[in-house]
Each structure stands twice: as C-alpha cells, then as structure tokens.
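> Got a predicted structure here, sequence first:
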Amino acid sequence: MPQTQIQEYLTTKTEPNFIAAYRQNYQKLLDGTLPKRFVVYQDGDCTGWGNKLRGICSAFLLALVTDRILLIDYPLMLEYFEPPEGIEWDFAKYKLLFRDESKVYIDPCHRPEEMEMLATVNLTAAFPETFIIHQQGNTFDEAIVANPFCAAKLRKLFGNSYASRREKFGQIAKFLMQKPSSWFVDAVDRKKQQLGLSNNCATIAVQFRAFYDDQLANLKYVENFVSKLHHLVENEFKMLSRSQRLQFFITTDQINVKLRLANVLFPWGQVMYDTEPVVHTGIDRHLRISTFLKRVKRTLGLQHLRFRKRQPLSAMIDWYILGECDVLISTMTSYAIMAGARLGNQKANYKIACDGEYCGLLTEEEYCL
C-alpha cells in the first residue's frame with residue numbers, strides 16, 4: 001500500500017489506542033523517523049497452534065511497550081492469516097537487515113532470570129539490539145504488565161483493562177487475526193455446509209483433548225468430563241434452549257470420544273462433528289514437513305514460486321469454527337482459549353476441569369495460563 005494511502009487510512013479510521021499507536025510506529029519506521037527496531041516471533045518449538053498464538057501475542061505486546069515492529073517467521077501464521085491493513089510482518093523481507101544488525105534471543109518461559117528482567121527493568125534501555133527474537137510457544141505478558149516502567153504506557157494503550165489478561169489478549173488476538181486468508185475461509189465455509197451448521201441456531205462448541213497415555217486414565221477422564229458436561233448443559237443452557245434451537249459442534253483428538261459426547265448432547269439439540277479425529281497441531285507430520293519446506297523456500301529467496309496449496313489442516317478449520325460459536329466448552333487447552341480470543345472474547349468460555357471439581361466459566365486468573 002502506498003504511503004499516501006496508509007496516511008489516509010490512519011486518519012480516517014477510528015481504532016483502539018494500542019492499534020493507533022502501533023500504526024504510528026509502523027509509519028515512522030517507513031518514514032525513517034523511528035529507528036529500525038523489531039520483535040521477531042520465530043517457530044522454534046513443537047508446541048501447538050494455540051501456544052504459538054500466545055507467543056505471538058506476547059511478542060506483539062513487547063513490541064508495543066518498546067516502540068518496535070512485530071515480524072513473524074512462522075509459515076503457518078503467514079499462510080492462514082494476512083497482516084492487518086497497511087502493515088507488513090513477513091520476516092523474510094528483513095533477512096538482509098537481520099544478517100547484519102545486532103540481535104538477542106529471549107526465552108523467558110524457560111529462563112527465570114529473563115522473566116524477572118521483563119517484569120522489573122526499563123525494557124527499551126535493556127534491549128539496545130535491533131532484533132529481539134522470541135522462539136517459544138508461550139506467553140510472558142504478565143511480566144510486562146507487572147513492570148512499573150510499562151504501567152503508564154499500557155494504561156494509555158489499553159485503558160483500565162490493561163491488567164486483564166482476557167481483555168488484553170482478546171484485543172491483541174482480534175487485531176492480529178482480523179484477515180484470515182480467503183482460501184482458508186472458503187475451506188471453513190465448505191466444512192460448515194458439510195456438517196450442516198446453521199446460522200439460525202445457538203451453537204455450543206465442545207472441545208476435548210485427552211492428556212494421558214494410559215488408556216484407563218483416559219477413560220476415567222472422559223467419563224468425568226461427560227458427567228460435568230451433562231450438568232453444565234442441563235443447568236446453564238436450559239433458558240437458552242427455550243428461546244432458540246441448540247446445535248452442538250464437537251472437536252476432539254479421538255473419534256470414540258466424539259461418539260460418547262454426541263450421545264450425551266443429542267437430547268438437547270443437533271450434534272455435528274467431523275468423522276476423522278483431529279491431529280494435534282504441534283505433532284501433525286504434514287504440518288511439520290510443510291513448515292520446513294516453506295522455510296527452505298524463503299531462505300533461498302524463492303518466495304515467488306507458487307505450489308498447489310493442499311487442504312488446510314482439519315484442526316485449523318475446527319479451531320476457526322470454535323471461535324465463531326456462541327458458547328465454548330473445553331478442557332482448558334490453549335487451542336480452545338485462543339479460538340475464543342480471535343473474536344475478542346465476545347462469548348462465554350467454559351472450562352471443565354476433569355481432574356478436579358471445577359465446572360463453570362473460565363476465570364480471569366486461569367485465562368492464558
């Protein structure tokens with residue numbers, strides 16, 4: 001987008017303070033009135049999509065408080081989502097600068113001394129390097145919020161909600177993921193049609209992930225979840241079912257669990273799910289190979305080459321649908337939490353703790369843990 005169009009876009013569109021501030025910094029970088037300083041999110045571990053999104057949101061928050069620009073070196077994000085209007089975030093375009101300029105790698109989630117530094121020092125002064133690189137699918141936003149040097153700026157950018165993880169992550173995720181790729185949206189729409197998901201019903205999404213290797217432990221875990229799910233639907237959504245028809249969308253990594261959940265939910269409304277199990281985004285073999293090939297292509301400067309795009313991951317489509325449902329019930333995975341965050345948390349998120357007694361709304365303290 002030409003600079004004149006960017007300026008016109010900035011002056012005519014009313015946006016939250018943090019977005020306006022970020023766009024101003026981006027424009028200053030283009031004009032040369034702001035030193036070239038970046039926070040880079042790189043895909044450096046085998047965590048899943050939800051955890052990586054938390055890492056990206058934390059990297060963006062660090063960029064905000066240090067007057068930097070976010071760059072992304074994660075093929076999946078670049079493939080499934082386009083950057084917000086007027087912004088470029090593809091790290092590949094800054095490769096030459098990266099090679100020659102100073103850089104520092106951070107890993108606060110595995111290095112306690114770095115987490116403490118993020119919470120206590122002047123971050124602009126602490127990082128004189130041109131590039132700060134974060135490679136882990138984890139979050140460190142609480143350290144930045146606790147930092148006394150960042151408090152005034154965060155309050156100005158986010159208002160009184162800056163200390164709320166739910167509000168802050170919701171706003172950031174909504175901004176970063178506002179432009180899903182058209183081919184991805186088309187795939188989501190096709191699947192919704194195949195499943196028969198209706199826009200005229202209240203949709204309750206149920207996401208379950210098995211956490212144990214032991215089969216008996218998993219069976220007990222499932223039955224505990226089923227019991228609490230039955231109680232939750234019967235008590236929380238009785239009034240909702242009187243005003244409009246209910247439909248349930250189920251996603252889980254085990255097909256037998258889908259059938260079990262479907263039997264429980266069937267009395268309250270239509271139940272829909274994919275017949276194939278959803279492979280965890282952190283271990284999907286095709287995803288890891290695809291990520292490697294995309295990185296090789298970009299490293300060799302072959303971005304202009306276009307290969308036939310395969311069908312998007314079933315887990316990615318399910319994740320997108322989870323974010324559009326009216327109510328989201330999950331085992332509190334980052335996959336489900338960030339699905340809700342994509343639309344700015346404008347929905348009820350419920351957590352069922354299968355290894356404890358809790359069953360109800362996700363609390364502020366638990367959000368993004």
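Yes, it's here.
> For burial, what's the neighbour tally of Cys150?
Residues contacting Cys150 under the criterion other C-beta atoms under 10 Å number 24. Heads up, the C-betas are built off the backbone N, CA and C, glycines and all.
> OK, contacts around it?
Val65, Leu123, Ile144 (C-beta atoms under 8 Å, 6 or more residues apart in numbering).
> confidence score at the first one?
If I follow you right, that is Val65. At Val65, the pLDDT value in this model is 95.
> In contact with it: list those residues for me.
Leu123, Thr124, Ile144, Asn147, Cys150, Lys153, Leu154 are the contacts of Val65 under C-beta under 8 Å, 6+ apart.
> Model confidence for the third one, exactly?
When you say that, I think you mean Ile144. 94.
> which residues touch the strand or helix carrying it?
Following DSSP states H and E, one finds Ile144 within helix 141-146. With C-beta under 8 Å, 6+ apart as the test, helix 141-146 has contacts from 57-58, 61-62, 65, 108, 115-116, 118-119, 123, 150, 154, 162-163, 165, 168-169, 368.
> In helices only, show me these.
57-58, 61-62, 65, 115-116, 118-119, 123, 154, 165, 168-169 (DSSP state H).
> now those residues as TSV including distance to Gln42?
Formatted as TSV, these follow (distance: C-beta to C-beta, whole Å):
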residue	distance to Gln42
Cys57	15
Ser58	13
Leu61	17
Leu62	14
Val65	20
Met115	19
Glu116	23
Leu118	18
Ala119	23
Leu123	19
Leu154	25
Arg165	23
Lys168	23
Phe169	20
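> which of the residues you listed sit farthest apart?
Glu116 and Phe169 (21.7 Å; C-beta to C-beta).
> Strands along the stretch 51-200 of the chain, start to end?
69-73, 103-106, 131-134 (DSSP state E, counting those that start in this stretch).
> how close does the spatially most central residue of the chain sit to Lys103?
In the chain, the C-alpha nearest the mean C-alpha coordinate belongs to Leu53, at 3.6 Å (C-alpha atoms, centre = their mean). According to C-beta to C-beta, to the nearest Å, Leu53 stands 23 Å off from Lys103.
> Could you do Ile321 as well?
The value you get for Ile321 to Lys103, if C-beta to C-beta is used, is 38 Å.
> before we move on, what about Ala21?
24 Å.
> likewise Ile133?
Distance of Ile133 to Lys103, computed by C-beta to C-beta: 6 Å.
> who's more crowded, the two?
For Ile133 versus Lys103, the count of surrounding residues by other C-beta under 10 Å is larger for Ile133: 21 against 13.
> List the contacts of that one.
For Ile133, the residues meeting the contact criterion (C-beta under 8 Å, 6+ apart) are Val39, Val40, Gln42, Lys103, Val104, Tyr105, Ile106.
> Which one among the residues you listed sits at the bottom for pLDDT?
Comparing the contacts of Ile133 by pLDDT, Gln42 comes last, at 90.
> Show me what that residue is bridged to.
Beta bridges link Gln42 to Asp73, judged by DSSP bridges.
> close enough to count as contact, it and Gln135?
Yes: between Gln42 and Gln135 there is a contact under C-beta atoms under 8 Å: 4.6 Å.
> Closest one to Ala315 out of the contacts of Cys150, please.
Distances from Ala315 to the contacts of Cys150, taken as C-beta to C-beta, are shortest for Ile144 (29.5 Å).
> Give me the neighbour count for the closest one.
When neighbours are defined as other C-beta under 10 Å, Ile144 has 24 of them.
> cool, the one 3 residues further on as well?
For Asn147, the neighbour count with other C-beta under 10 Å is 19.
> Could I get the phi/psi values of the closest residue to Leu246 other than its chain neighbours?
Among residues not flanking Leu246 along the chain, Gly269 sits closest, at 3.3 Å (C-beta to C-beta, 6 or more residues apart in numbering). Torsion angles at Gly269 (phi, psi; degrees, to the nearest 10) stand at phi 170, psi -180.
> picking that back up, now, among the contacts of Val65, which is nearest to Ile352?
Ile144 (30.3 Å).
> how much space is there between the closest one and Leu154?
Remark: distance between Ile144 and Leu154 (C-beta to C-beta) = 8 Å.
> dump the residue contacts of Glu324.
Taking C-beta under 8 Å, 6+ apart, one finds Thr203, Leu343 in contact with Glu324.
> Which pLDDT value goes with it?
86.
> Please look at Phe91 and Val40 and confirm they touch.
Yes: counting by C-beta under 8 Å, Phe91 touches Val40, with 5.7 Å between them.
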